[in-house]
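Student: Everything below, folded, please.
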Amino acid sequence: MKASESPQAAQGKSLFPQPAKALKAFEAIGMTVEEATLSEPAADMWRTAVALRFWSVGADLQAFYDDPAKRALMKPEAIWEVEGGMKLTGPQLAVASAGRSRIYQAFEAAFAKYDFLVLPTAQVFPFDVKERWPTEIAGKPMDSYHRWMEVTLPATMAGLPVLAVPAGFGGALKLPIGLQIIGKRHSDLAVLQVGHAYEKASLWIAANLPSALNG
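Tutor: Modelled structure (predicted):
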């Protein structure tokens with residue numbers, strides 16, 4: 001079986017060593033791990049995801065936005081979603097829909113060679129609760145409140161089964177980071193089986209639990 005790490009969908013090389021080290025567990029269970037890219041550019045996937053999220057989330061929040069009293073209680077990020085959806089045109093939605101199809105086709109092409117794809121679960125370790133959201137990661141500005149977890153959007157847009165598994169702990173506070181195991185359409189059971197095998201081969205994670213779980 002073959003698994004692929006896809007740094008292109010993650011907007012470049014991993015910003016922390018834990019996911020890269022965790023990939024060795026896949027090799028330990030008999031898988032070949034290679035680096036791969038998707039044919040759809042990461043920037044295009046992001047634009048597609050943002051437009052479709054405007055359309056979906058904005059519609060869900062529209063009734064709150066339309067009530068001035070409730071709108072005054074909404075977070076700026078929620079208002080941004082609604083107003084983004086209100087600005088969408090039919091042609092823009094058509095473009096986003098076509099983009100989503102290309103994302104799915106890009107995964108299909110990758111799965112012609114690989115059994116699974118693997119990505120980090122975020123571009124950063126958990127951040128302080130007092131921080132609204134990361135505005136910059138490794139010198140790259142984050143232009144929205146959810147871009148720090150951009151790596152989760154491609155598989156979501158493609159409607160594929162994804163399992164998040166621990167990859168280790170790091171940073172000054174030894175906070176967790178994970179991996180997404182992404183499978184082909186309707187391969188939910190296979191994804192769970194690989195995740196179980198990965199966990200069995202990753203006993204080293206138990207030696208790095210945060211203090212809150214060691215009590």
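Student: Now the top helix by length along the chain: buried residues?
Tutor: Longest helix of the chain, by residue count under DSSP state H: helix 42-66. Neighbour counts over helix 42-66 (16 or more other Cβ atoms under 10 Å) mark 42, 45-46, 48-55, 57-58, 61, 65 as buried. Any C-beta I mention is one placed from the backbone N, CA and C, and that applies to glycine too.
Student: who's in contact with it?
Tutor: When contacts are defined by Cβ atoms under 8 Å, 6 or more residues apart in numbering, helix 42-66 is touched by residues 8-11, 38, 70-71, 74, 78-79, 81-88, 92-93, 95-97, 99-100, 102-103, 144, 147, 150, 153-154, 156-157.
Student: What are the boundaries of the helices in this structure?
Tutor: With DSSP H as the criterion, the chain has helices spanning 18-22, 24-28, 42-66, 68-71, 76-87, 90-111, 153-158, 188-200.
Student: just how off-centre is the second one within its chain?
Tutor: Just to be clear, that refers to helix 24-28. Distance of helix 24-28 from its chain centroid, counting by Cα atoms, centre = their mean, to the nearest Å, is 22 Å.
Student: in it, what's buried?
Tutor: Neighbour-count burial for helix 24-28 flags 25-26 (criterion: 16+ other Cβ under 10 Å).
Student: and that helix, what other elements does it pack with?
Tutor: helix 188-200 (3 or more Cβ pairs under 8 Å, 6 or more residues apart in numbering; DSSP states H and E).
Student: And V129, how far from A212?
Tutor: Distance of V129 to A212, given as Cβ to Cβ, to the nearest Å: 14 Å.
Student: on that earlier part again, so for F125, which of the helices of the chain sits nearest?
Tutor: Nearest to F125 among the helices of the chain is helix 18-22 (9.0 Å), distances taken as Cβ to Cβ.
Student: now that closest one: mean pLDDT?
Tutor: Mean pLDDT, helix 18-22: 74.
Student: Much appreciated, bye for now.
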